[in-house]
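*Asks:* Take this sequence and fold it.
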Amino acid sequence: MPSETSPRPGRRPGPKPRLSREKIIGAAVELGIEQVSVQAVATALNAAPASLYRYVDSLDDLIGAALETVFRAAPLPSPALGWRRYLETEAATRFDLLIRYAGLVPEHHTGLVGAATLRFERLVRDLAGLGFTLDEAVLAADAVVDLIHDGATQTLRLRDPADPERRSTAITDSLALYTPEVRGAVERIASAPREHLWRKLDVVLDGLAVRLGTRADADATP
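*Replies:* This is a model prediction of the structure:
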């Protein structure tokens with residue numbers, strides 16, 4: 001006859017895993033590019049999925065908090081770099097984060113919007129300190145952020161979900177629809193998406209330089 005202190009059949013002895021909001025968010029971040037879900041995070045923590053809801057309200061809450069953690073940990077560029085290098089550095093930081101933590105970013109980016117608001121405002125404030133008007137600073141930051149987020153999404157779509165080292169079937173099939181001349185140019189983009197994205201970024205930054213120069217010339221006109 002089992003003693004009263006014996007563990008019940010089917011239950012593992014030992015203390016239950018201690019959970020906290022910080023541990024749960026950290027586990028979501030560590031999942032990286034894997035599909036983030038309450039079940040996946042619970043499994044990583046050796047906990048029951050229902051127990052996580054004592055600390056997070058929903059999957060959206062978890063994703064938003066994980067993104068906030070990731071973006072808060074990434075340092076902002078130094079304004080001493082000058083406005084162009086400042087935006088280039090921020091673009092590189094964002095792109096790398098979005099690729100590394102792709103599983104945290106749903107296609108509609110709702111979690112990202114809330115998580116990145118404070119960072120966006122700091123970008124605007126720094127650009128304003130570098131000679132941009134407030135409207136120009138918002139325009140510049142928004143243009144670069146949108147470009148990088150779209151570019152990261154497109155880069156990820158080039159990959160086969162089952163094997164990130166291989167190109168997705170959808171991209172391979174779409175290339176076959178182009179004429180040979182155009183296909184070659186598109187193939188070069190698909191083969192080096194980051195380099196293509198940085199050429200697009202140069203176009204945006206060149207346009208900002210012209211815009212700022214034109215305003216400076218107008219301000220200098222007697």
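*Asks:* Residue 98 - nearest residue in space that isn't next to it in sequence?
*Replies:* Leaving aside its chain neighbours, residue 98 sits nearest to residue 152 (3.7 Å; criterion: C-beta to C-beta, 6 or more residues apart in numbering). Quick note: C-beta positions are derived from backbone N, CA and C, even for glycine.
*Asks:* any idea of the pLDDT on the one you found?
*Replies:* Looking at residue 152, its pLDDT is 89.
*Asks:* now do residue 208
*Replies:* 94.
*Asks:* hang on, isn't it packed against residue 140?
*Replies:* Yes. With contacts counted by C-beta atoms under 8 Å, residue 208 reaches residue 140, the gap being 5.5 Å.
*Asks:* sorry, back to before: so which strand or helix has the residue nearest to residue 98?
*Replies:* Using DSSP states H and E, residue 152 sits within helix 134-157.
*Asks:* Tell me which residues of that helix come out buried.
*Replies:* 136-141, 143-145, 147-149, 151-152, 155-156 (16 or more other C-beta atoms under 10 Å).
*Asks:* same deal with stretch 44-56?
*Replies:* 44-45, 47, 52, 55-56.
*Asks:* Likewise for stretch 208-216?
*Replies:* Buried, per 16+ other C-beta under 10 Å, within stretch 208-216: 208, 212.
*Asks:* before we move on, what about stretch 36-45?
*Replies:* 36-38, 40-42, 44-45.
*Asks:* Nearest to residue 215 among those residues?
*Replies:* Distance to residue 215 across the buried residues of stretch 36-45 (C-beta to C-beta) is lowest for residue 36, with 43.8 Å.
*Asks:* Report the secondary structure state of that closest one.
*Replies:* Counting by DSSP: H, G, I helix; E, B strand; the rest coil, the backbone at residue 36 sits in coil.
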